[in-house]
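*Asks:* Okay, sequence plus prediction incoming.
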Amino acid sequence: MSKKRTLDGFFKPAQSKKPKLGTDTESASIPEDTLPRDASNHPTYPYPVPHFPTSITDALAFAPATEGRAINDQPDLDLVYFEPYIPKEVHKELFKFLRQELFFYRVQYTIKRGAAETSISTPRYTTVFGVDASSYFSPTGVLLDAESQRPIPKDRYTCHPRPLPQCLDALRILTEGSTDSTYNFCLVNYYASGADSISYHSDDERFLGPNPSIASFSLGAKRDFYMKHKPFPPAKNPSDPPPPETRQIKLALASGDMVLMRGSTQANWLHSIPKRKGGESERGRINITFRKAMVRGGTENYYRYNVGVGGVFGWDEGRGEMVPWEGGAKKGEKG
Ligand SMILES: O=C(O)CCC(=O)C(=O)O
Ligand SMILES: [Fe+2]
């Protein structure tokens, strides 16, 4: 099989972050699951991302593990709750794999409040892959224009879009099959402890188009997911009927669960993961969302707020925490 030299790394085995093998006797003594595995790589990745081991791929053939349950008993609300989506045989391994293998960021950015610039620190680890519908990645990882199918003009993006690694792409394909929607973005959050959170917001940006479908996976520690209706606009006439009554929603999202938010949900409801003190949240939680951005502004927004301009972090199993990940090694990593 012939390969192009330029971007052929996308499906090549990853060598860089695995221990270098010395002599034949040494390699013979290394257990098979620590040997280099095939991985996704790309010039925009700080490190390659290994493909799923067959144990995960095989188990995911049985997803979704349950039928989704509709939650649409309140105004403008359209949820489907899979409890769980990921088969129970594999959710722990999937959590450990993604925490170990993905690179994360702790993004800081500034916002203008009147004349003053305020610095904001995102209270969780994040990472993102994908590109909006004006472009797509060729199988070898070249960004092409959706219409001409030719390489995009160099000035289309100020950011550097990254293709989904094969492991997250496998999850995307499964999700598309069970949600009647397509996705071109994967955002990942890691909540290291109860101090990490996401405040009330809606994913209603114009770049997602009207009535976006967002599929949201939970892995690891159970965390509460709150939803509340956006405030209703004040009545125009005293004779107008009062706004409908709505109740706050609280879902205790467990490892392997998936919530699909669709229809008019984002336009009308807010959602959050509030901070918690101690307990299970200290074990860490991964959230994965699949979305579809229609235009370039979505790509710029997602990379600005989920990759940013700071350093790379990765999980250190020995220390049990995220550590700066530099030059192929997680800093201070044991063994
Ligand atoms: O962690 C979660 O479950 C929610 C994440 C979320 O709302 C987001 O990334 O927009
Ligand atoms: Fe959200």
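*Replies:* Arrived safely. Ligands and ions are numbered 1, 2, ... in the order given.

*Asks:* what's near enough to touch A254?
*Replies:* E83, P84, S218, K222 (C-beta atoms under 8 Å, 6 or more residues apart in numbering). (Each C-beta comes from the backbone N, C-alpha and C, glycine too.)

*Asks:* Which ones among these map onto strands?
*Replies:* S218 (DSSP state E).

*Asks:* Ranking by neighbours, what's the top pick from the contacts of A254?
*Replies:* Counting neighbours by other C-beta atoms under 10 Å, S218 leads the contacts of A254 with 28 neighbours.

*Asks:* hang on, that one packs against G256?
*Replies:* Yes. S218 is in contact with G256 according to C-beta atoms under 8 Å; the separation is 7.2 Å.

*Asks:* which other residues reach stretch 223-236?
*Replies:* Under C-beta under 8 Å, 6+ apart, the answer for stretch 223-236 is 74-77, 191, 200, 202, 242-243, 246, 248-253, 259, 268-274, 276, 281, 285.

*Asks:* 6 Å - rerun?
*Replies:* Identification of contacts with stretch 223-236 by C-beta atoms under 6 Å, 6 or more residues apart in numbering yields 243, 246, 248-253, 268-273, 281, 285.

*Asks:* Sort out for me which of the residues you listed are in helices.
*Replies:* In helices, defined here by DSSP state H, the members of the contacts of stretch 223-236 are N268.

*Asks:* Ligand 1 next: which of the contacts of stretch 223-236 are close?
*Replies:* H271, I273 (C-beta under 6 Å from any ligand atom).

*Asks:* And S119, which helix or strand is it part of?
*Replies:* Secondary structure assignment for S119, by DSSP states H and E: strand 116-121.

*Asks:* Quick check: beta-bridge partners of the nearest residue to I71 once chain neighbours are set aside?
*Replies:* Excluding the flanking residues, the one nearest I71 by C-beta to C-beta, 6 or more residues apart in numbering is L79, at 4.0 Å. Beta-bridge partners for L79, by DSSP bridges, are I71, M261.

*Asks:* Check the contact between L79 and A70; I expect there is one.
*Replies:* No. Contact between L79 and A70 fails when scored by C-beta atoms under 6 Å: they sit 7.2 Å apart.

*Asks:* Between the two, which has more neighbouring residues?
*Replies:* Applying other C-beta under 10 Å to L79 and A70 shows that L79 carries more neighbours, namely 23 against 12.

*Asks:* returning to what we had before: figure out how far the strand holding S119 is from the centre of its chain.
*Replies:* 25 Å (C-alpha atoms, centre = their mean, to the nearest Å).

*Asks:* before we move on, what about stretch 80-90?
*Replies:* 17 Å.

*Asks:* do stretch 105-117 as well
*Replies:* 23 Å.

*Asks:* Same question for it: list its buried residues.
*Replies:* By neighbour count on 16 or more other C-beta atoms under 10 Å, the buried set for stretch 105-117 is Y105, R106, V107.

*Asks:* In helices, which of the residues you listed fall?
*Replies:* Per DSSP H, the buried residues of stretch 105-117 never map to helices.

*Asks:* Which residue, other than its chain neighbours, is closest to S264?
*Replies:* S264 sits nearest to D76 (C-beta to C-beta, 6+ apart), 4.5 Å away.

*Asks:* Measure how buried the one you found is and give me the count.
*Replies:* So D76, with other C-beta under 10 Å, has 16 neighbours.

*Asks:* so what's the backbone phi/psi at it?
*Replies:* Here is the backbone geometry of D76 (degrees, to the nearest 10): phi 60, psi 10.
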